[in-house]
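**Q** just the structure for this:
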Amino acid sequence: LESSSVSLFIPGKRYGEDADQQISFPVLCSFWALADQSDASKRSLRADAVLGTVDLGPVSSQLADAFGLILQCRDVGGEQPLHTLQQAVHSGKPLYPSCWDFTTQDYQELLNHAQGLRVEMSPGAEKILHGYYMASRRVRTQSQGVKISVASIKLLISLSEAHCKLSLRPRVEEEDAVIAVLLCENSVTLKHGASALIIPPESVFPCDLKHVDGLQRRDDILEDLQQNILRFIYTYAPGAGSYITEE
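**A** So this is what the prediction gives:
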């Protein structure tokens, strides 16, 4: 991770050479995934545990700190990207069709189009992002001695803009900011433990998306989590009440 390269050792005797050789290859990767099958059954038993009360298993704290964002993902059927694309192509419709099928090309076209979009930040989304950053920094510093860097606000903005683009919208709304907050709080909680903002382990996709009821429940849960985030900001961010309109 530190050198952005991987080394391959070649024993000389095995290939008829006198000397051993070592070849290094550059690694250009922005996302890393760890699949731990040995611990899968143990994690499934604690599926309802509060996020931050279960350790990262084989992932050491030093390794976790090397990444800007840590996520737990148990989606093996691809329901998350399917749901995102459904919302993007049929924005605003209340129906939740359960028998959609998108090809790899469809996803590639979505990503290519989303990357070229220019988006602007709405006042509501900006207030949630900055309010959460202020509240989280205060709570984590006072209760855990954890320093929340300024880079965190940049990460929050990038995540909210990315979610907005994937939803094919020109304006970053509060729902995009909520997703960014949940992802960042998820990551910080996995590294340092839970704080005053308690979120479920599967905060972004907490329901079974294979069924229509699960899609509706997911949106309802996200609305409740948005209110929890606002209450967290009001309680722990100095002056938050003066710039956030309570819903």
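**Q** quick one: buried residues of the longest helix seen in the chain?
**A** Scanning the chain for the helix with the most residues, using DSSP state H, yields helix 212-236. Across helix 212-236, burial judged by 16 or more other C-beta atoms under 10 Å covers 214, 215, 218, 221, 222, 225, 226, 229, 230, 232, 233, 236. (Glycine included, C-beta is placed from N, CA and C.)
**Q** distance between that helix and the chain's centre?
**A** 16 Å (C-alpha atoms, centre = their mean, to the nearest Å).
**Q** element containing residue 108, please.
**A** Per DSSP states H and E, residue 108 falls inside helix 104-115.
**Q** tell me the helix or strand right after the helix or strand of the chain with the lowest mean pLDDT.
**A** Counting by mean pLDDT, DSSP states H and E, the chain has its least confident helix or strand at helix 40-45, which shows a mean of 46. Later in the chain than helix 40-45, the nearest helix or strand by DSSP H and E is helix 61-65.
**Q** which strands and helices sit next to that following helix?
**A** Under the contact criterion of 3 or more C-beta pairs under 8 Å, 6 or more residues apart in numbering; DSSP states H and E, helix 61-65 touches helix 174-192.
**Q** any idea how far the helix it packs on is from the chain center?
**A** Taking mean C-alpha positions (C-alpha atoms, centre = their mean), helix 174-192 and its chain are 6 Å apart.
**Q** which strands or helices does that helix pack on?
**A** Secondary elements touching helix 174-192 (3+ C-beta pairs under 8 Å, 6+ apart): helix 61-65, helix 123-144, helix 151-166, helix 212-236.
**Q** could I get those as CSV with mean pLDDT and distance to residue 84?
**A** Shown next, in CSV, are these (pLDDT from 0 to 100; distance: least, C-beta to C-beta, whole Å):
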stretch, mean pLDDT, distance to residue 84
helix 61-65, 75, 26
helix 123-144, 89, 18
helix 151-166, 93, 6
helix 212-236, 85, 11
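**Q** all good on my end, thank you.
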